[in-house]
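Chemist: Predicted model follows, preceded by the sequence.
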Amino acid sequence: MSYTTNTIPARAGVGYKPKHLDDILAEPDAIGWLEIHAENYMGDGGPQLAQLRHLRERFPISCHGVGLSIGSEGPLDKEHLARLKKLVDWLNPALFSEHLAWSTHDIGFLNDLLPAPYTQATVNTVIDHIDQVQEVIGRQMLLENPSVYVLFEQSTMSEIEFLNEIVTRTGCGLLLDVNNIYVSNTNTQTSAQAYLAAFPIAHIGEVHLGGHDAQTDDFGDPLLIDSHNAPVVDPVWDLYETLIKRTGPLPTLIEWDNDIPEWPVLASEVRLADAILNRQTEAA
Amino acid sequence: MPSSTVKPKRLNPMQTEFAKGLLNPDLPTPEGVIGPGGRAAGKRYDVYRNNVIVSLTEALASAYPVIKTIVGAEFFDAMAGVHVRKFPPKSPLMIYYGADFPRFLTKFPPAAHLGYLPDVARLERARRQAYHAADASPCAPEKLAGLDGNKLYDARVVLHPSIHIIRSRYPVFSIWRYNSTDDKSPIGKAREITMISRPQSEVIMQNPTAGTAMFIESLMRDPLGVAMDKAKGVQPDFDLSSNLTQLLSAGLITDIK
């Protein structure tokens, strides 16, 4: 099977890790596409960029930013946005995505996806930032729903209302992380099924699936951490299947960024996602 | 493209407080940050605190693996915790995080007995920079052959952008080699100069002579003749043509003008 390298097929792909390079090249049909973290490819040169040059000739690539800090109250880092544009212009990825989160502040870059209150002021700032990003890089971006551990007293709207206003006013698409739905709704003691039922599915351009770590809060209630270091759990597979039954097949990424397993472990997650996607293709 | 009518305000204190507390465990949970049902956030806010410190500590460890081997994981993590709070990254490029770490080590009393540590860190930093340096093709050998006596002195030799020279009072290359390869031959006492480069995909390290090191450092600023004079000043038997030939065949000369 082969695809043109700048269209993402509606099947499963993986977050690219250099340790899997030989396995991926040995069996390229095992995956439909690859996703890279933009910031890892912003060096001036060297073997990492050389690998990406090689891979983009063979696989459709999705570019996932982790450092733009779209949810910052302050202005976006223009230097960083210029670096992103340079990478996207060169790579010409099939998809480009970033997070509904912030990570940069006056004190520095905090290297985590931090939450913001859902208010009209935050919506307006995020919309300005997405407009700016889409204008500078000259293409649509997908915005990913976050994993959250806390709530804000200031919040005046739900995450769904917040995302709806953003897609309507910016024309951006959405990256739906199904594990994040499960993590956030467990942590905020709300229904993941209800969240999924209300989600503006027409705007989804990509799906993420990953693993999490289960802890408890000070009251003994579950506190799930979006750790990307484990297999996808069954309730997340169930939510995913519910989603795909409604939307039909969508490009789906297995994210495994920490305690990275040997290739066969990751490949079996890919097969599970493909099985759900295939069932839906056959049913259609 | 549609744009919102409300301009973003200057930093509202929310993110300022949220951010400060992440680096300072003594600060309380920021106001307005809560758990479900309005109860105290407690451990929930600590998840973010932990994510920030752990992820920055991991970024530092991936840039300085030999420092971690030398001091041990427990010591390294504690030291990194102090460093990342004092010097959080200035940019989202984690591949370059840790520029301040070698200098931090010169002023970190619990590691003061390991006098060589800052220089080993400088060497690891140079390796990281060489790894991500721009690619450059070697220049054609004819360019060197074409240099005649008159032009030679004023010629500009352009070196590969990955080259770094690390000078130390300690045998830092040997210390690095002992701690990161299977070569466990004893570490001598003599100070070492280390040259780091990445002409193709591998980072290469060597111990150049004093003359060669001076020559390369000088070529980064001076014309060829000046670099040769400086090299002879520290090493009277410095051989210009063999040095140029070696640099050229190693792919480390990218142009001669």
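Modeler: Yes, it's here.
Chemist: which intervals of the chain have sub-threshold pLDDT?
Modeler: Reading this off chain A. Chain A contains residues with pLDDT under 70 at A:1-5.
Chemist: Chain B is the one I meant
Modeler: Checking chain B against pLDDT under 70 turns up B:1-12.
Chemist: which parts of the stretch 151-284 of chain A sit against chain B?
Modeler: With Cβ under 8 Å from any Cβ of the partner chain as the criterion, the stretch 151-284 of chain A comes near chain B at residues A:151-154, A:169-171, A:187-190, A:215, A:217-219, A:221, A:223, A:225. To be clear about C-beta, it is placed using only N, CA and C from the backbone, and glycine gets the same treatment.
Chemist: So is stretch B:46-63 next to chain A?
Modeler: Yes. Residues of stretch B:46-63 contacting chain A under Cβ under 8 Å from any Cβ: B:47-48, B:51-52, B:55-56, B:59.
Chemist: for stretch B:71-91, same thing?
Modeler: Yes. Applying Cβ under 8 Å from any Cβ, one finds that stretch B:71-91 is in contact with chain A at B:88-91.
Chemist: Name the nearest of the residues you listed relative to chain A.
Modeler: B:Pro88 (3.3 Å; Cβ to the nearest Cβ).
Chemist: tell me the contacts of the closest one?
Modeler: For B:Pro88, the contacting residues are A:107-110, B:23, B:56, by Cβ atoms under 8 Å, 6 or more residues apart in numbering or on different chains.
Chemist: for those residues, which one is nearest A:His129?
Modeler: Using Cβ to Cβ, A:Phe109 is the member of the contacts of B:Pro88 that sits closest to A:His129, with 16.0 Å.
Chemist: and that closest one, that's in a strand?
Modeler: Yes. Going by DSSP: H, G, I helix; E, B strand; the rest coil, the assignment for A:Phe109 places it inside a strand.
Chemist: Identify the bridge partners of it.
Modeler: A:Thr104 (DSSP bridges).
Chemist: Does the closest residue to A:Thr216 other than its chain neighbours belong to a helix, a strand or coil?
Modeler: Once flanking residues are discounted, A:Thr216 sits nearest to A:Leu223: 5.7 Å by Cβ to Cβ, 6 or more residues apart in numbering or on different chains. Recorded secondary structure, A:Leu223: strand (three-state DSSP).
Chemist: number of nearby residues for A:Leu223?
Modeler: For A:Leu223, the count of nearby residues is 22 (other Cβ atoms under 10 Å in any protein chain shown).
Chemist: And the contacts of stretch A:69-83?
Modeler: In contact with stretch A:69-83 (Cβ under 8 Å, 6+ apart) are residues A:42, A:67-68, A:98-106, A:109, A:114-116, A:122, A:125-126, A:129-130, A:132-133, A:136-137, A:143, B:8-12, B:14-15, B:91-93.
Chemist: Ok, stretch B:175-191 next?
Modeler: With Cβ under 8 Å, 6+ apart, stretch B:175-191 has contacts from B:65-66, B:69-70, B:116, B:120, B:123-124, B:167-171, B:174, B:194, B:205.
Chemist: Using neighbour counts, pick out the buried residues of it.
Modeler: B:175-179, B:187 (16 or more other Cβ atoms under 10 Å in any protein chain shown).
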